[in-house]
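Novice: 3D, please:
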Amino acid sequence: MKNKEILEKLIEKGATIDQGNRLSETALMEAIDQKWPEGVELLLQADADPNQRDRRDTPILIRAVETEHQGIIRKLLAHGADPTLKNRRNQQAAELAREQGFTEIVRILEEAQKPE
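Specialist: I've put the predicted structure just below:
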């Protein structure tokens, strides 16, 4: 996927960006899985839902934690991803990050949960 020009054209032509493929994977999920922050940003700017869930009911913020990509996690949070959403194991993103030993990601997620 990692083709900015194609992604920009699809967005420009009005592609339904939150539409899933045959596996219910959206373009935003694919960009996260491919650790493509530029694609994530383009999709979020085009109003992709930062709180979508995959077919396993996992919030995409948790998928981003699994990639360990801090920049993508920050982008999702900046566009309204809810760090309190839980996966099927009843874990929030920060809990999963802590379990995996991703201390900087834990800090980012906990900071996002603090009231302003």
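
Novice: this structure: helices as residue ranges?
Specialist: Secondary structure of the chain (DSSP state H): helices located at 4-12, 27-33, 37-45, 60-67, 70-78, 93-100, 103-113.

Novice: list of residues touching the longest one?
Specialist: Okay, so that is helix 103-113. With C-beta atoms under 8 Å, 6 or more residues apart in numbering as the test, helix 103-113 has contacts from 65, 68, 70, 73-74, 77, 83-84, 92-94, 97-98. Placement of C-beta: from N, CA and C, glycine included.

Novice: go again with 10 Å.
Specialist: Contacts to helix 103-113, defined as C-beta atoms under 10 Å, 6 or more residues apart in numbering, come from residues 61, 64-65, 68-70, 73-74, 76-78, 81-84, 92-100, 102.

Novice: circling back to that earlier point, make TSV from the helices of the chain and add mean pLDDT, distance to G20 and mean neighbour count to it.
Specialist: Compiled in TSV, the helices of the chain are given as follows (pLDDT from 0 to 100; distance: least, C-beta to C-beta, whole Å; neighbours: other C-beta atoms under 10 Å):
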stretch	mean pLDDT	distance to G20	mean neighbour count
helix 4-12	80	15	13
helix 27-33	93	8	23
helix 37-45	95	13	20
helix 60-67	96	12	24
helix 70-78	98	18	20
helix 93-100	97	21	20
helix 103-113	95	25	16
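
Novice: to N21, which of those lies closest?
Specialist: Minimum separation from N21 across these (C-beta to C-beta) falls at helix 27-33, 8.3 Å.

Novice: who are the packing partners of the closest one?
Specialist: Secondary structure elements in contact with helix 27-33, counted by 3 or more C-beta pairs under 10 Å, 6 or more residues apart in numbering; DSSP states H and E, are helix 4-12, helix 37-45, helix 60-67, helix 70-78.

Novice: to K114, which of the ones you listed lies closest?
Specialist: Counting by C-beta to C-beta, and looking across all of the helices and strands packed on helix 27-33, nearest comes helix 70-78 at 11.8 Å.

Novice: show me how far that closest one is from its chain's centre.
Specialist: Distance of helix 70-78 from the chain centroid (C-alpha atoms, centre = their mean, to the nearest Å) equals 7 Å.
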